[in-house]
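K.L.:
Next input, structure requested:
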Amino acid sequence: EALLGALRALATEAHDFRTVVIDTLDRAEWLCWQHLCQRERVNSIELVGKGYGRGYVAAYEQFRAFAALLEALRARGMGVILVAHSKIEKAPNAAGDEYERWTLKVHKHIAGLFYEMFDAVLFARLEVYATKNENGRTKGVGDQRVLETQEAPAWLAKNRYAMPRQIPL
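P.N.:
Presented below is the predicted three-dimensional model:
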């Protein structure tokens with residue numbers, strides 16, 4: 001409620017802010033789950049509602065309201081930046097075997113909502129190269145951080161701004 005209240009205030013009250021940053025989207029999801037659990041007097045999002053997956057559907061509905069407030073901020077001319085952690089999950093592949101890739105560390109319905117909504121979903125990573133040491137053991141090395149702006153088999157990303165494929169951080 002505090003997060004939604006702050007966004008409502010930014011959307012409706014006079015201010016000079018030009019950008020809002022939510023750090024992190026996965027923490028906002030956790031706060032939403034806690035709110036729903038308190039409201040329903042249960043101790044797990046999986047116990048919210050009646051039936052399998054109903055808690056996640058309830059959270060998705062709450063996030064639609066959250067997304068609508070972010071849209072109101074964008075309509076008001078504010079920049080909206082969401083930071084999220086990532087997780088590795090299996091990616092279905094109609095042309096062959098499944099593989100793993102980095103995605104947003106939120107429920108798949110909420111991830112889909114934000115992938116569709118935003119003009120840019122960027123993936124920050126450490127550029128790592130595999131090398132063999134003198135004992136023949138493979139080791140990852142690298143210290144350059146980059147921002148990926150386009151989807152690849154290893155991560156989800158997109159941009160509608162014709163950004164370069166990779167930007168040094």
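
K.L.:
Could you use CA atoms for every contact and neighbour count after this?
P.N.:
Will do.

K.L.:
which regions of the chain lie under the pLDDT threshold?
P.N.:
Within the chain, no range satisfies pLDDT under 70.

K.L.:
now the strands for this structure?
P.N.:
Here the chain has its strands, by DSSP state E, at 19-23, 79-83, 86-91, 99-104, 120-121, 123-132, 138-148, 158-159, 166-168.

K.L.:
other SSEs contacting the third one?
P.N.:
Right, strand 86-91. strand 99-104 (3 or more Cα pairs under 8 Å, 6 or more residues apart in numbering; DSSP states H and E).

K.L.:
What residues of the strand it packs on count as buried?
P.N.:
Residues Arg101, Trp102, Thr103, Leu104 are the ones in strand 99-104 that count as buried (16 or more other Cα atoms under 10 Å).

K.L.:
Reformat the strands of the chain as a markdown table; add distance to Val42.
P.N.:
What follows is those, written out as a markdown table (distance: least, Cα to Cα, whole Å):
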| stretch | distance to Val42 |
| --- | --- |
| strand 19-23 | 26 |
| strand 79-83 | 29 |
| strand 86-91 | 27 |
| strand 99-104 | 26 |
| strand 120-121 | 34 |
| strand 123-132 | 35 |
| strand 138-148 | 40 |
| strand 158-159 | 37 |
| strand 166-168 | 44 |
